[in-house]
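Colleague: Test case, fold it:
(chains A and B)
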Amino acid sequence: MIVVIDYNVGNVRSVCGAFRHLGYDAELSCDPNVVEAAWGLVLPGVAAFGYAINALGPLAGLIKELAAAGKPLLGICVGYQMLFEKSCEYGQHEGLGLISGQVLPIPPGRVIPHMGWNLVRLGGDMDLFAGLGAERYFYFAHSYCAEVSDDQARIAYTDYGFDLVASVQKENIYGVQFHPEKSGNHGLEVLRNFHEICRKAGT
Amino acid sequence: MLTRRIIPCLDVKDNRVVKGVNFLNLRDAGDPVELGARYSDEGADELVFLDITATIRSRKTIVELVEKVAENVFIPFTVGGGISTVEQMDTLLRSGAEKVSVNTAAVENPELIAEAARRFGNQCVVLAIDARRSERRPGKWIVTVKAGSEPTDIDAIEWAARGEQLGAGEILLTSMDADGTKAGYDNELNKAISDAINIPVIASGGAGKLEHLYDAIVDGCADAVLMASITHFGNYNIRQIKEYLRDRGIPMNL
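Modeller: Reported below is the predicted structural model:
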């Protein structure tokens, strides 16, 4: 089973709904026992960074521990940004620090938020994008973006007047800046791939 | 490259999609969940659902509608109509909406925008502006509230800029003069607002043929175009719209 971390704010339901639509077992929870028993975890992408990381509270420690032990973890949008060390959205906030890097405002000189469908160049070596080809459109909605400094991380980019990091992977830790649960059939394919990754890890 | 967005708008009354002219003379356009799913299948980039009755009773219905849509539609959708508190927004977002739009309540209490942005992030907060050409000041637009029924003395360009400062992530800009006329968007208005702010502008009101959508993007500098009549009543499907715009050089997710 996949557990979508419920931090009690914003649209956490859609990710869960998308997994169920695909026919998979998924549950929205913040119960440490349920989280620990999951095959894989999803940190959904809603709310402002500070609000989300505070809402996570003591679960943050458990998530870090489980991720370090090899449990697949997928961060989406703000959930993805929380994988990094820190963010400056509405003040300075510490992230989970699972991947080296920081979250900064999208550089000025363009329409912000970066809102809508953008073409992501998919790294052929990222199993999250298996079967999706070289590039696909996904739905983005964010004003901050990650600057990745981890040289072990695999990265997929999109073009927003600069190379914006659209996805990152470090071993069992995955992150997508876009919303796969809101990116139509190709987005659902990403979630299907993540489920497959979790299934393999869980058995 | 970021594509321009095609967004069908579903005005909902008594659990049916309706569409009128200048917000009057409503015509039935079908079931909101079915229509939303159809647009998603046809390749719409987003959907907007507006509760045009916005009563206490309709508020409960709209939450149920959002839940049903979220089970069937895997593209982003915005919900608006009569939203006046962050708690209402939270309920709608938790029910599966990606964004919420505020209109009258934000005019009455601009701090609502800031409060929502701090909690949900500004990408969740859409400021809907119903603008009408000013009779007294040519070349200016005033903000109207309560579904366009009440004029204010607020300048629409200034209000859009203030909304951006307060933390709105997007402006849903409806021309009350053009809405439902099928005579084209008010692209002077769209351009004036797009030039004044740095957040995306969704042009709304007046789409009657495909050329109008092209004009809103090129002349009006709109990041996205909203439409209702031309797609609800079967004149065009989303794919035809996108192919037309792509062939004229507009980046589309097709």
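
Colleague: which stretches of chain A form helices?
Modeller: A:13-21, A:32-37, A:49-56, A:59-68, A:78-81, A:184-202 (DSSP state H).

Colleague: Dump these into TSV; add mean neighbour count as well.
Modeller: In short, each C-beta sits where N, CA and C put it, glycine included. Conversion of the helices of chain A to TSV gives the following (neighbours: other Cβ atoms under 10 Å in any protein chain shown):
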stretch	mean neighbour count
helix A:13-21	23
helix A:32-37	14
helix A:49-56	21
helix A:59-68	17
helix A:78-81	28
helix A:184-202	19
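
Colleague: Could you give the number of residues near residue A:22?
Modeller: Counted by other Cβ atoms under 10 Å in any protein chain shown, the residues lying close to residue A:22 total 13.

Colleague: circling back: put together TSV for the helices of chain A, with mean pLDDT and distance to chain B on each row.
Modeller: Listed next are the helices of chain A as TSV, based on pLDDT from 0 to 100; distance: least, Cβ to the nearest Cβ, whole Å:
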stretch	mean pLDDT	distance to chain B
helix A:13-21	93	5
helix A:32-37	96	19
helix A:49-56	86	6
helix A:59-68	95	18
helix A:78-81	94	7
helix A:184-202	95	6
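
Colleague: can I get these in a markdown table with distance to residue B:108?
Modeller: What follows is the helices of chain A, written out as a markdown table (distance: least, Cβ to Cβ, whole Å):
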| stretch | distance to residue B:108 |
| --- | --- |
| helix A:13-21 | 30 |
| helix A:32-37 | 42 |
| helix A:49-56 | 25 |
| helix A:59-68 | 38 |
| helix A:78-81 | 29 |
| helix A:184-202 | 37 |
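
Colleague: closest to residue B:104 out of the ones you listed?
Modeller: When those are compared by Cβ to Cβ, helix A:49-56 sits nearest residue B:104, at 25.7 Å.

Colleague: quick one: contacts of the closest one?
Modeller: A:5, A:7-9, A:46-47, A:60, A:63, A:78-79, A:81-82, A:87, A:89-91, A:93-95, A:103, A:144, B:118-121 (Cβ atoms under 8 Å, 6 or more residues apart in numbering or on different chains).

Colleague: Which members of these occur in strands, if any?
Modeller: Among those, the ones falling in strands (DSSP state E) are A:5, A:87, A:93, A:94, A:103, A:144.

Colleague: For chain B, state which of these is nearest.
Modeller: residue A:144 (8.8 Å; Cβ to the nearest Cβ).

Colleague: ok and the helix or strand of chain A with the lowest mean pLDDT relative to helix A:59-68, angle-wise?
Modeller: Least confident helix or strand, chain A: helix A:49-56 with a mean of 86, by mean pLDDT, DSSP states H and E. Here helix A:49-56 runs at an angle of 90 degrees relative to helix A:59-68 (axes from the mean of the first three to the mean of the last three Cα atoms, to 10 degrees).

Colleague: where does chain B have low pLDDT?
Modeller: Chain B contains residues with pLDDT under 70 at B:21-24.

Colleague: let's go with 90 and repeat that
Modeller: For chain B, the stretches with pLDDT under 90 are B:1, B:14, B:19-30, B:52-61, B:120-121, B:147-149, B:180-181, B:229-230, B:232-235.

Colleague: try chain A
Modeller: In chain A (pLDDT under 90), the answer is A:7-13, A:45-58, A:88-91, A:123-125, A:151-152, A:202-203.

Colleague: Please list all residues in contact with residue B:99.
Modeller: Per Cβ under 8 Å, 6+ apart, neighbours of residue B:99: A:141, B:76, B:77, B:78, B:79, B:123, B:124, B:125, B:126, B:169, B:170.

Colleague: Equivalent analysis for residue B:19, please.
Modeller: Listed by Cβ under 8 Å, 6+ apart, the contact set of residue B:19 reads B:11, B:26, B:27, B:29, B:180, B:228, B:229, B:232, B:233.

Colleague: now, which of those residues lie within strands?
Modeller: Per DSSP E, the contacts of residue B:19 map to strands at B:11, B:26, B:27, B:29.

Colleague: I'd like the distance between the second one and residue A:16.
Modeller: As judged by Cβ to Cβ, to the nearest Å, residue B:26 and residue A:16 stand 35 Å apart.

Colleague: Narrow the contacts of helix A:49-56 to those that are buried.
Modeller: The neighbour count (16 or more other Cβ atoms under 10 Å in any protein chain shown) marks A:5, A:7, A:9, A:46-47, A:60, A:63, A:78-79, A:81-82, A:87, A:89-90, A:93, A:95, A:103, A:144, B:118-121 as buried among the contacts of helix A:49-56.

Colleague: can you give me the helices for the stretch 1-150 of chain B?
Modeller: Along the stretch 1-150 of chain B, counting by DSSP state H, counting those that start in this stretch, helices occupy B:32-42, B:56-72, B:86-94, B:104-108, B:111-120.

Colleague: so what secondary structure elements neighbour the second one?
Modeller: Other helices and strands packing on helix B:56-72, by 3 or more Cβ pairs under 8 Å, 6 or more residues apart in numbering or on different chains; DSSP states H and E, are helix A:13-21, strand B:5-13, helix B:32-42, strand B:47-51, strand B:77-80, helix B:86-94.

Colleague: Of all those, which one comes closest to residue A:175?
Modeller: Smallest distance to residue A:175 across the helices and strands packed on helix B:56-72 (Cβ to Cβ): 13.6 Å, for helix A:13-21.

Colleague: Now for the nearest residue to residue A:124 once chain neighbours are set aside, how many residues are close by?
Modeller: The shortest distance from residue A:124 to any non-neighbouring residue, by Cβ to Cβ, 6 or more residues apart in numbering or on different chains, is to residue A:134 (7.6 Å). Here the number of neighbours of residue A:134 (other Cβ under 10 Å) works out to 10.

Colleague: what's near enough to touch residue A:134?
Modeller: Shown in contact with residue A:134 (Cβ under 8 Å, 6+ apart): A:121, A:122, A:124.

Colleague: Up against chain A, what does the stretch 1-150 of chain B have?
Modeller: Proximity of the stretch 1-150 of chain B to chain A (Cβ under 8 Å from any Cβ of the partner chain) is limited to residues B:1-5, B:40, B:45-46, B:67, B:70-71, B:74-76, B:90, B:93-99, B:117-124.

Colleague: Specify the local secondary structure of the closest residue to chain A within the stretch 151-254 of chain B.
Modeller: Nearest residue of the stretch 151-254 of chain B to chain A, counting by Cβ to the nearest Cβ: residue B:253, 4.0 Å away. For residue B:253, the assignment made with DSSP: H, G, I helix; E, B strand; the rest coil gives coil.

Colleague: Not counting sequence-adjacent ones, nearest residue to the residue nearest the centre of chain B?
Modeller: Geometric centre of chain B, nearest residue: residue B:172, 4.5 Å, by Cα atoms, centre = their mean. Nearest residue to residue B:172 in three dimensions, chain neighbours excluded: residue B:128, at 4.3 Å (Cβ to Cβ, 6+ apart).
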